[in-house]
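Everything below, folded, please.
(chains A, B and C)
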Amino acid sequence: MAATIDQTLPENKPMRTPRHLTESGAVRALLIGVALLLVGAIILLPLATVITQAFSKGWDAYAAALRDPDALAALRLTLITAAIAVPLNTLFGLAAAWAITKFKFRGKQLLVTLIDLPFAVSPVISGLIYVLLFGAQGLLGPWLQEHNVSIIFATPGIVLATMFVTFPFVARELLPLMEEQGVQDEEAAVTLGARGFRVFFKVTLPNVKWGLLYGMILCNARAMGEFGAVSVVSGHIRGETNTLPLHIEILYNEYKFSAAFAVASLLMLLAVVTLIVKSVVESRIHRN
Amino acid sequence: MNNWKSIRILLVSALILTVLAACGSKKEETSAGSSASPSPSSSASEESGAAASGSPAKVPDPIELLNVSYDPTRELYEEFNKSFAEYWKQQTGGTITVKQSHGGSGKQSRAVIDGLQADVVTLALAYDIDAIAGKGLLKPDWQQSFESNSTPYTSTIVFLVRKGNPKGIKDWNDLIKDGVQVITPNPKTSGGARWNYLAAWGYAAQQNGNDEAKIKEFMTKLFKNVPVLDSGARDATNTFVQRKIGDVLLAWENEAYLALKEFGDEYEIVTPSLSVLAEPPVAVVDKVVDKRGTREAAEAYLKYLYTEQGQEIAAKNFYRPRLQAVADKYKDQFPQLKLLTIDQDFGGWQEAQKKHFADGGLFDQIYTPGS
Amino acid sequence: MAQTTKTKRLLPGFRLTMGFSILYLSLIVLIPLAALAAKSASLPAGMWWETVTAPRILASYKLSLMTSFFAAAANLFIGLLLAWVLVRYRFPGRRIIDGLIDLPFALPTAVAGIALTTIYAPNGWIGRLLAPLGVKIAYSPLGITLALVFIGLPFVVRTVQPVLQDLEADMEEAAVMLGAYRRKIFFRVILPELVPAMLTGFALAFARGIGEYGSVVFISGNMPMKTEIAPLLIITKLEQYEYGQAAAIAVVLLLISFLLLLVINLLQRRAGRRLHAA
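Sure, this is the predicted structure:
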């Protein structure tokens, strides 16, 4: 199974590395060993905890936790949120990366830094800023209330907070990559008479597709898993404005530990599904 | 050339995502439109919109109330809401659903201030409802609206210790002994923890004849014995029962009983000689109910808490009932002890907050060196 | 300068993409953050300064900065190693490991915090082994660092990985022909290419660590002056309905992270330019 997958892997240049371009077997084994150990300690251990806790009360309890109407409502809200936030941030990431890496202008570093900023903003703050803006005591709050538009403590607020938190992912993935690739290919295409979107779709996009995909996957994973910021703007109304991470917190606080971890494992599963999609897409492309 | 393929696949996946998003929101709209299903927030705002545009607020049917409450009342209100829905059906023939929102008391209060459309609030301390009243969402003398200080049930602070009470903890002065680890959440982030702190303070005040220097010494020793200051009451309980840290957990009586119920024989409750009467009050949020036309239902909801059924449910969920008949029935569950009250012994919440918990207040002084 | 601009503008779409980027950036990030700054400005200046320089607050900045720095530094090495192994070598389970790298993003931070505390608390799987040795992980700065390593791990891996994947073999090939040893090739040829990406990853992990809340509060123990992180103090201020003060601390945190990112972005830029000039 693993072998068949491996054969369909993207056969990038480094993979056909000739002997003289790689390390000796011993060094390789050592590096791989250390890497596995680190992944085990840092990532696998917490995951194993989640899974063992999830099944600590058996399959039935696990299934019951996932079939709970509140859990399903939370799942739906989480999916909707991700489905709005990820495409928008992807569009932004592509546009920003194009502007920043293909052109020279003043204040470029400032712009890049501003794009990074949401990473650095504490989730607590990223929720708070929307409360300050749209809350009843906030700048736009009174106007919104008059017109009966609810933004925070409703789906739009949750989507906004998620967009803020996942804002840099796609752009961040693309920037170093497109920077590294320079502008020669695109300029050649333009010189040969190609225009606008055609240059982008024919030259740039194929060059950055893996970076783009990584970025989207990260963006999606984070969008589904965001806790802090969403917690501030959600209002925690059961079955209505609770996302999966918030639902997990509720279960945990109700001493339903195994149910909490069961729902957490569902989020992990969603991440795994996106990864499978990624593998399938990769292999399809390379078979052609 | 495989470029086109990859582009097409990317585009298609993007398209699918967008369509999914559209479907999702459409679904939401339809479910909001059908009145049978418990509808999401958009319907609530639409209803309130309709109510607000016509000047006499029309009572929507089925009625939906939002009860914004604090963490430990989940089990209580889950049961109470069902009972109230039946009662409402009997009384009026109408359908009512009560939605619940739980979180830290202060956080919930801020959410209401910031626009969460709560019809009723049932929070851990009057201070948090005062804060809402301070923004004009309900009248300043809200605490007179219902009987008994608008507190249909009370609780107190007790000790939860490990089975057999290995450290022999009987009363507050046992907590400051060397080698005793005390678990309590941080009073600056947790409403429950403020009750814990005040109960300890009240005991020390009684022992030391109100000598403030001595009381402070007692409190400093007490918090020296605290290895972890969790941010919320449930987090503290989890530290004690899940991580097995500490010898004694300071907790609401109802939380301690709930922990006993959940975790069985590993723990026991110790009731100290003196504690504080914890009054978690309830209130109707005037601004919201008037806008949504739900005042009648909201008031009936809170009044139902005072009826025998309501009191019974409170007692079953380990809150001390106000109604004598129910209190007598559950008197084994709630031992008698001397209880201080916030108004008489601490001058009310505003003053207690300023003196003890505000920045630079007495609690901070325990932890800030040189003061 | 004018000339370079002209040649660069050979490509189309600058106005469109730039305009959209700035608009989106303003709507989602800048305007909301301005609301924060406005709120903090509502405090009188003296009060503002007093709030952000109180001893407890200073202690929390220090703690947040130190733990984030060490976590990001650890991630720099771990991340480079993982990216290298994942891109250059083939071994069973590679694909699975590759997928797992992202999970710290997908796992809600609170779950991560609870899981890590379960493992490293004195009665946890690993905490139990370390407790007799007198090593305390949970409820100490070490525990906070560990949580931040977990949270920040994907940043370095995922920024280095694509660059490493796209690295042309030509240069290495040339170096080999010139008789360079493998180690020399790594340090002289490969590493400089990776430095910009590594710096980015480091900066992101660092900045993320400073603001992280959900996973840290469970494992930190929240002892004032000792293990109280800066974001927790923002929450504390909010609990007292001190929105202005909370915003003031938030603005300081934001400025620290912003400067950090800006410096590292400039450094990265320089590293990149030197590379391409050479």
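
Angles on the backbone of residue A:135, please.
Per-residue torsions, residue A:135: phi -70, psi 160 (degrees, to the nearest 10).

Now for the residue nearest to it when sequence neighbours are not counted: which residues touch it?
Spatially, and ignoring its direct neighbours in sequence, residue A:135 is nearest to residue B:114 (3.4 Å; Cβ to Cβ, 6 or more residues apart in numbering or on different chains). Heads up, the C-betas are built off the backbone N, CA and C, glycines and all. Residues in contact with residue B:114 (Cβ atoms under 8 Å, 6 or more residues apart in numbering or on different chains) are A:131, A:135-138, A:141, A:152-153.

how does it look with 7 Å?
A:131, A:135-137, A:152 (Cβ atoms under 7 Å, 6 or more residues apart in numbering or on different chains).

What residues does the stretch 101-250 of chain B have near chain C?
B:106, B:110, B:131, B:186, B:188-189, B:227-231, B:243-245 (Cβ under 7 Å from any Cβ of the partner chain).

Would you point out the most distant pair within these?
B:131 and B:244 (36.2 Å; Cβ to Cβ).

of the two, who's got more company?
residue B:131 (21 against 13; other Cβ atoms under 10 Å in any protein chain shown).

Hmm, residue C:241 and that one touching each other?
Yes. Between residue B:131 and residue C:241 there is a contact at 5.4 Å, judged by Cβ atoms under 7 Å.

And the residues of the stretch 101-250 of chain B next to chain C, which of them are buried?
The neighbour-count test (16 or more other Cβ atoms under 10 Å in any protein chain shown) marks B:106, B:110, B:131, B:186, B:188-189, B:227-231, B:243, B:245 as buried among these.

Now do the strands in chain A.
Remark: no strands are assigned in chain A by DSSP state E.

Walk me through the domains of it.
Here the domain assignment for chain A is A:12-54, A:58-287, based on automatic domain parsing.

tell me the centre residue of the chain?
You didn't say which chain, so I picked chain A. When Cα atoms, centre = their mean is applied to chain A, the residue found nearest the centroid is residue A:219 (2.0 Å).

that's the wrong chain, I wanted chain B
With Cα atoms, centre = their mean applied to chain B, the nearest residue to centre is residue B:70, 2.3 Å.

Checking residue B:65 next. Helix, strand or coil?
Classification of residue B:65 by DSSP: H, G, I helix; E, B strand; the rest coil places it in strand.

That one and residue A:75, how far apart?
Noted for residue B:65: a distance of 25 Å to residue A:75, by Cβ to Cβ, to the nearest Å.

Need the winner for burial among the domains of chain A.
Neighbour counts (mean count of other Cβ atoms under 10 Å in any protein chain shown) averaged over each of the domains of chain A peak at domain A:58-287, with a mean of 22.

Other residues contacting stretch C:258-267?
Contacts of stretch C:258-267 (Cβ under 7 Å, 6+ apart): A:109, A:112-113, A:116-117, A:120, C:199, C:202-203, C:206-207.

swap in stretch A:56-68?
With Cβ under 7 Å, 6+ apart, stretch A:56-68 has contacts from A:54-55, A:71, A:258-259, A:262-263, A:266.

sorry, back to before: now the residue nearest to the centre of chain B: closest residue in space that isn't a chain neighbour?
Nearest residue to residue B:70, sequence neighbours excluded (Cβ to Cβ, 6+ apart): residue B:105, at 4.0 Å.

Can you report how many residues lie near residue C:11?
19.

roughly how far apart are it and chain A?
Relative to chain A, residue C:11 is positioned 5 Å away (Cβ to the nearest Cβ, to the nearest Å).

ok so that residue is a helix residue?
No. Residue C:11: not assigned to a helix; according to three-state DSSP it is coil.

Kindly list the main-chain dihedrals of it?
Given degrees, to the nearest 10, the pair of backbone angles that residue C:11 has is phi -80, psi 150.

wait, isn't residue C:35 in contact with residue A:140?
No. Between residue C:35 and residue A:140 there is no contact under Cβ under 7 Å: 8.9 Å.

Quickly list what's touching both of the two.
With Cβ under 7 Å, 6+ apart, residue C:35 and residue A:140 have common neighbours residue A:133.

Nearest residue to the closest residue to chain A within the stretch 251-371 of chain B in space, please, no chain neighbours.
Residue of the stretch 251-371 of chain B nearest chain A, by Cβ to the nearest Cβ: residue B:262 (4.7 Å). Spatial nearest neighbour of residue B:262, excluding adjacent residues (Cβ to Cβ, 6+ apart): residue A:255 at 4.7 Å.

tell me the phi and psi of that neighbour?
phi 60, psi 20.

Also residue C:227?
In terms of degrees, to the nearest 10, the main-chain angles of residue C:227 are phi -130, psi 40.

One more: residue B:277?
Backbone phi and psi, for residue B:277 under degrees, to the nearest 10, turn out to be phi -80, psi 110.

Quick one: residues contacting the residue nearest to it when sequence neighbours are not counted.
Spatial nearest neighbour of residue B:277, chain neighbours left out: residue B:339 (4.1 Å); criterion: Cβ to Cβ, 6+ apart. By Cβ under 7 Å, 6+ apart, the residues touching residue B:339 are B:156, B:275-277.
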